[in-house]
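Student: Predicted model follows, preceded by the sequence.
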Amino acid sequence: MRPTVYIPTLRAGERLARTLEALEAQEPRPEVVIADNSAEGLGAALVRERFPWARAVELGENLGFGTALNRAIAAEAGDPIVLLNDDVTVEPGFVAALLDSLTASVDSVAAVLLRERDPRRIDSAGVVADRTLLGFDYLSGEPVSALTTAEDPLGPTGGAALYRRDAFEAVGGFDERIFLYYEDLDLALRMRVTGARCRLAPDARGLHAYSETMGARTARKYEMTGWSRGYLLRTYGFGHRPALLSRAIAAELTICAGQLASERTLRGLRGRLRGWRAGGGSRRELPSNALLDISLRRALSLRRNRHRS
C-alpha cells in the first residue's frame, strides 16, 4: 500500500506551504503530488525551493479541480489516492487514520474538515444530497462531538478524501466537464451506483479555510456552482422526473433570489441555465436509497447554515 496525497493548487504560496509542512510531519510521511494549475508553475517552484521530497505535475493552465486531479493521478502512480485541498492543515495522524478506515469492504473514506476560525465546529465530514441532488457538507456546523455517533456519508468531500485507485478509475475519475464545485458529489453518486461504499474516518482531521481560493460570496462562485447544479440536474435525468424537477426549480429560484438580493447578481441563474444545456448529451442513473428524504425547507436551511460559516 503506497498512499499518495494529491493536492490541486492555483496560487500556491504560504497556504500550500502550510499544507505541505503538516504532511511532512506525518508518520510515516506520505508521497505527495502537487497538481499545479497555475500558468506560471507556482506550485512546482514551491516544491523545488522548499519541499524537494514532494513532486509536481505542471499543467500549464488552470484546468479546474477535477481535471487537474485526474491528470496528476494518471501521471503519478499511488494507491490509495488521498485528495487534499491546498488550504487544509492536517492534524498529526491524518493519513494513518484514513488508512485505518480502509477495510476490505470500503472503497472511499471521508476525512473531517474543521473550521479554521472555530476548530470546535465541523466544516465538512463528507458530502450528502437530497432527492434533487442539492448537495450539503455532512455535519457542517455541528460540534466535533457529533462525530462519535455519526453515520457514514454518501461520499468524501473532494477537499479531504481517500479512494481506492481501482474504484476511482472504474467510474472514470472526476467528470472533466465540471470545472469546479459538485464534482465530488457527482463522483460519489457514480461510485454508489456501482455498489461502492464510503466510510467516515472521524479521527482523520484537518483545519480548513473555507473558500480560500475564490471567496465564499462572489458572483463568479455563484456562476460556477450554478453551472454545476444545472449540469447535474440534466445529466441525472431530472428532465424526465417532473415532480422532482419542480421541487428542484423551486429550490434554485429561491437560491438565485437570495443571491440577487444580497449580491445584486443573476450570474448564478445564468450559470444554471448554461449547465442545464451542457448536460443534455448524457443520462446517468441515480443511486437507490442514498439520498436524503427531507423537506425543501429543511434543505434550504442546511444550505443557509453552510454559508453562514
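Tutor: Arrived safely, thanks for sending. What you see is a predicted model; the values in this text were computed from it and never measured. Numbers count the residues shown, from 1 in each chain.

Student: Give me the local confidence score for Arg2.
Tutor: For Arg2, the pLDDT comes out at 80.

Student: I'd say it and Gly78 touch.
Tutor: Yes. With contact defined as Cβ atoms under 8 Å, Arg2 counts as touching Gly78 (5.8 Å). C-beta: built from backbone N, CA, C; applies to glycine.

Student: Could you check which of these two has the larger neighbour count?
Tutor: Higher neighbour count among Arg2 and Gly78: Gly78, with 19 against 10, using other Cβ atoms under 10 Å.

Student: residues touching the nearest residue to Gly279 once chain neighbours are set aside, list them.
Tutor: Closest residue to Gly279 apart from its sequence neighbours, by Cβ to Cβ, 6 or more residues apart in numbering: Arg234 at 3.0 Å. Counting by Cβ atoms under 8 Å, 6 or more residues apart in numbering, Arg234 touches 275-280.

Student: Got phi/psi on Arg234?
Tutor: phi -70, psi -40 (degrees, to the nearest 10).

Student: Need the residues touching each of Arg2 and Gly78.
Tutor: Glu31.

Student: Show me the shaky parts of the chain.
Tutor: Confidence mapping of the chain against pLDDT under 70 gives the ranges 1, 210-217, 306-309.

Student: Show only the entries of the contacts of Arg234 found in helices.
Tutor: When DSSP state H is applied, those are split such that 275-278 fall in helices.

Student: and those, which are buried?
Tutor: 275-276, 278 (16 or more other Cβ atoms under 10 Å).

Student: Could I get those in a markdown table, plus columns for distance to Asp87?
Tutor: Below are these laid out as a markdown table (distance: Cβ to Cβ, whole Å):
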| residue | distance to Asp87 |
| --- | --- |
| Gly275 | 25 |
| Trp276 | 30 |
| Ala278 | 28 |
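
Student: now, among those residues, which is nearest to Thr132?
Tutor: Trp276 (13.3 Å; Cβ to Cβ).

Student: Now the closest one: closest residue in space, sequence neighbours ignored.
Tutor: Taking Cβ to Cβ, 6+ apart, and ignoring the residues beside it in sequence, Trp276 has Gly230 as its nearest neighbour in space, at 3.8 Å.

Student: and that neighbour, how many neighbours?
Tutor: Neighbours around Gly230, by other Cβ under 10 Å: 25.

Student: mind listing what it touches?
Tutor: Contacts of Gly230 by Cβ under 8 Å, 6+ apart are 271-279.

Student: ok, now with 6 Å
Tutor: 272, 275-276 (Cβ atoms under 6 Å, 6 or more residues apart in numbering).

Student: Helices of the stretch 1-150 of the chain, start to end?
Tutor: Taking DSSP state H, counting those that start in this stretch, the helices of the stretch 1-150 of the chain run over residues 13-24, 42-50, 65-75, 94-100.

Student: is it true that Met224 touches Ile178?
Tutor: No. Look at Met224 against Ile178 with Cβ atoms under 6 Å: they stay out of range, at 9.2 Å.

Student: Compare those two and say which is more crowded by neighbours.
Tutor: Ile178 (25 against 22).

Student: just to revisit the earlier point, and which of the buried ones among the ones in helices among the contacts of Arg234 is nearest Leu16?
Tutor: Taking Cβ to Cβ as the measure, Leu16 lies nearest Gly275 of those, at 29.3 Å.

Student: Can you tell me the closest non-neighbouring residue to the closest one?
Tutor: Gly230 (2.9 Å).

Student: Can you name the helix or strand that that neighbour falls in?
Tutor: helix 219-235 (DSSP states H and E).

Student: next helix or strand past that helix?
Tutor: Counting by DSSP H and E, what follows helix 219-235 is helix 242-263.

Student: by how many degrees do that next one and helix 219-235 diverge?
Tutor: 180 degrees (axes from the mean of the first three to the mean of the last three Cα atoms, to 10 degrees).

Student: Give me the helices and strands touching helix 242-263, please.
Tutor: Here helix 242-263 touches helix 267-278, going by 3 or more Cβ pairs under 6 Å, 6 or more residues apart in numbering; DSSP states H and E.

Student: which element follows the helix it packs on toward the C-terminus?
Tutor: Next element after helix 267-278 (DSSP H and E): helix 296-307.

Student: For that next one, list every residue counted as buried.
Tutor: 296, 299-300, 302-303, 306.

Student: same deal with stretch 162-177?
Tutor: Neighbour counts over stretch 162-177 (16+ other Cβ under 10 Å) mark 162-165, 167-168, 171, 173-177 as buried.

Student: and if you look at stretch 237-251?
Tutor: Applying 16+ other Cβ under 10 Å to stretch 237-251 flags 237-238, 241, 244-245, 247-248, 251 as buried.
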